[in-house]
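1. what's the 3D shape of this:
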Amino acid sequence: GEEELKPKVLERMEALFTAGKCRREDLDLKIRQSLAEFSEDKGVEILDHFGDANTDNIRNKSAFLAAIIRRYRTEARDPPPIGGVGFMPPP
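-> Residues are numbered from 1 along each chain as shown. The predicted structure is shown next:
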C-alpha cells in the first residue's frame, strides 16, 4: 500500500499530480510497489526524471515511468562505468 512509499517520494508524486504531469491512475499499484523498492533519494530521482521529461505526447505514462524504473534497476545491478553519469552518454 501507500505506506511503503517514503515521505519524499509521496511528496514528489503529489507534486506531479498537482502540476498535471500525470493522473493518479497513471501511477498504478505496480508502479508504486516498484518505487517502494528504491531508497528515498532514488525514488525522488526517478520521479524527477519522469517530471523533467516531455510527457505531453506520451499516452501511456505508467509504461513510460516503468521504463525509467527498469533502467534504474539495471543500473543498480550494473553500475555505469566511471564517467558515464546516469542516462547521459559520455561526451
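2. in the longest helix seen in the chain, what's buried?
-> Criterion DSSP state H: the longest helix present in the chain is helix 61-77. By 16 or more other Cβ atoms under 10 Å, the buried positions in helix 61-77 come out as 61-62, 64-66, 68-69, 72. Using the backbone N, CA and C atoms, a C-beta is placed for each residue, glycine as well.
3. can you give me the helices for the protein?
-> 7-19, 29-36, 40-52, 61-77.
4. can you give the distance from the third one to the centre of its chain?
-> In terms of Cα atoms, centre = their mean, to the nearest Å, the centre of helix 40-52 is found 5 Å from the chain centre.
5. and for it, what's in contact with it?
-> 5-9, 12-13, 15-16, 19, 21-22, 35-36, 38, 64-65, 68-69, 72, 76, 87 (Cβ atoms under 8 Å, 6 or more residues apart in numbering).
6. quick one: it to helix 61-77, angle?
-> On the basis of axes from the mean of the first three to the mean of the last three Cα atoms, to 10 degrees, helix 40-52 is oriented at 140 degrees to helix 61-77.
7. so which bits of helix 40-52 are buried?
-> 42-47, 49-51.
8. can you lay out those as a markdown table showing distance to Leu27 and pLDDT?
-> Below are those laid out as a markdown table (distance: Cβ to Cβ, whole Å; pLDDT from 0 to 100):
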| residue | distance to Leu27 | pLDDT |
| --- | --- | --- |
| Lys42 | 16 | 95 |
| Gly43 | 12 | 96 |
| Val44 | 14 | 97 |
| Glu45 | 16 | 96 |
| Ile46 | 11 | 97 |
| Leu47 | 9 | 97 |
| His49 | 14 | 96 |
| Phe50 | 9 | 96 |
| Gly51 | 12 | 95 |
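9. what about Phe17, neighbour count?
-> Residues contacting Phe17 under the criterion other Cβ atoms under 10 Å number 13.
10. that one reaches Arg24, doesn't it?
-> Yes: using Cβ atoms under 8 Å, Phe17 is in contact with Arg24, at 6.0 Å.
11. returning to that earlier point: and of the buried residues of helix 40-52, the nearest to Asn57?
-> Phe50 (14.5 Å; Cβ to Cβ).
12. and the closest one, how far from Asp56?
-> Separation of Phe50 from Asp56 (Cβ to Cβ, to the nearest Å) stands at 13 Å.
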